[in-house]
Structure formats: C-alpha cells, structure tokens
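Student: got a predicted structure here, sequence first:
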Amino acid sequence: MKRPKGIVIAIDGPAGSGKSTVAKLLAKRLGYLYVDTGAMYRCVAFKALRLGMDINDEVMMSHLAQMTDIALQPQNDGSVRVLLDGEDVTEAIRTPEISEASSVVSAHRGVREALTEKQKLMADQGGVVMEGRDVQTVVVPDAEVKIFLTATLEERAKRRWLELKQREIEANYEQVLQELKERDERDSTRSIAPLRKAPDAIEIDTTNMTIDEVVDKIVELALTVKKSLAEC
Ligand code: DC
C-alpha cells in the first residue's frame, strides 16, 4: 500500500446528499480520520464576515485563507471539532449565512489553492475519509475509493430543512430549496474545481436509501479495495 495509514476514501456530492453523515460513520467504522473539507471553506467565510471583509474580494479572501490556521481535531467519541486560529467554531460555522458565504469564498482560485494544499497534506498519510466538492477530482485524484453521492433536490432540501429544525434554526422549506438550488448552480458552474463526478467514481443515489445502507455499501467497497491492494 502506498500510504502508511491506509487508503483514502474520497466522497463528493452536492449539499444535502448525505456526505457528512455518511463520511463520519464510515470513518468511525474503519477507524479512519474524518476530514470535512467544507468546514475549512466555512472557516474562511466565518472569519471574513466577522472581520467585516468583502467576501467577493478575491485578493483579500486568498490572503485570508493563507493566513488562517484551521485544525480538524478528532475526539474520543469519534466526532471532530473545528478549530479556527485555535478557537472552537464547530457549531458557529453551521448557519445558513455561513453556508451562503462559504459557497462564495470557495469560488476564488487563491482560496482553493490554499485550502487544497492543506487537504493534500492531510490525505498523504492515508487512513482518511475526506468529503467535499472536489476531493476525487482535484485534492486526491488517486484516492483508492471514489464515491459521488447524489439525491434529488427535493429530498436534499427536506433533509437540510429537518436538520435546521432539529437545531432550532428558523427555516422555511421553500427558501431552503431555493438556496440549495442556487448553491448547486454556483458550486457546479464555477470555473475552478467545479463539483463534478470523476469518471472513475462510483455514483450512489441516496434518495431512497437509509444512511446505514449507504455506509454498508461503501464499507464493502473499501474492504474489497483494501484486500486487493494487500494481495498485490
Ligand atoms: O459541504 P459544505 O456545505 O459544508 O460546504 C460549504 C461550501 O464550501 C459549499 O457551498 C461549497 C464549498 N466547498 C468546496 O467548494 N469544495 C469542497 N471541497 C468543500 C466545500
């Protein structure tokens, strides 16, 4: 095996496709590190808004991304805390406002270059489940397992709306659906590293699947790949 700590499982897909939930459970089942690349874009957006900066200013945002320290710290219970310049922002970066702003900052080339570099370093050792929008196409194009998760727009909006409701964040379903649609459009049509399925990725439509069914399917794939690599 070319990576000392195991294989890399790269999972991409649009917002609400189940990526984060699936990636977290997968990492736990395999004893791997869970890397949420979206949280890193959220950190840059959070810091920019807090400092009152213009998130559309590419030069400023690129400098900000380079100067920002982001750590994903695994906890004993399998969860991961997000530290921005040492401050725990795990919950603070999960608001609709930051979702919107992170989609804007993630379209800037300099921001992507800075964060992609950090993500590549995290993947080098292996033993990682990494999820985002460009993990299988740009960050780890040689990942041993590549998964592209999808679900219908309506199903994804329903999941996002329920998640916000659970966290007692006021949300209207129609508005959530509209925002997801706009975010999908922006994430998949931007000129740099757009959300796209790699030709060799396996697509899983999660619309009518339970989380456990999705996780079981990927674990099976991962174990098959690990076994075949061990036999090489
Ligand atoms: O997965 P998420 O909703 O936390 O991601 C927040 C935003 O960051 C999303 O709109 C797109 C962007 N993103 C990206 O461009 N590339 C990634 N690898 C991960 C997220």
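Tutor: Perfect, thanks for sending it.

Student: my read: Val89 touches Cys43, true?
Tutor: Yes - shown here, Val89 and Cys43 form a contact pair, counting by C-beta atoms under 8 Å, at 6.5 Å. Using the backbone N, CA and C atoms, a C-beta is placed for each residue, glycine as well.

Student: who has more neighbours, those two?
Tutor: Comparing Val89 with Cys43 by neighbour count (other C-beta atoms under 10 Å), the higher total belongs to Cys43, at 29 against 20.

Student: for that one, what are its contacts?
Tutor: Under the criterion of C-beta atoms under 8 Å, 6 or more residues apart in numbering, the contact list for Cys43 reads 68, 70, 82, 84, 89, 93.

Student: and the gap between the fourth one and Thr90?
Tutor: What it means is Leu84. Plainly put, Leu84 is 10 Å away from Thr90 if you go by C-beta to C-beta, to the nearest Å.

Student: who has more neighbours, those two?
Tutor: Here Leu84 and Thr90 are compared on neighbour count by other C-beta under 10 Å; more neighbours surround Leu84, at 22 against 16.

Student: so what sits opposite that one in the bridge?
Tutor: Per DSSP bridges, residues listed as beta-bridge partners of Leu84: Ile70, Glu87.

Student: pLDDT wise, what is the most centrally placed residue in the chain at?
Tutor: Within the chain, the residue whose C-alpha comes closest to the C-alpha centroid is Gly132; the distance, by C-alpha atoms, centre = their mean, is 2.8 Å. Note for Gly132: predicted pLDDT of 95.
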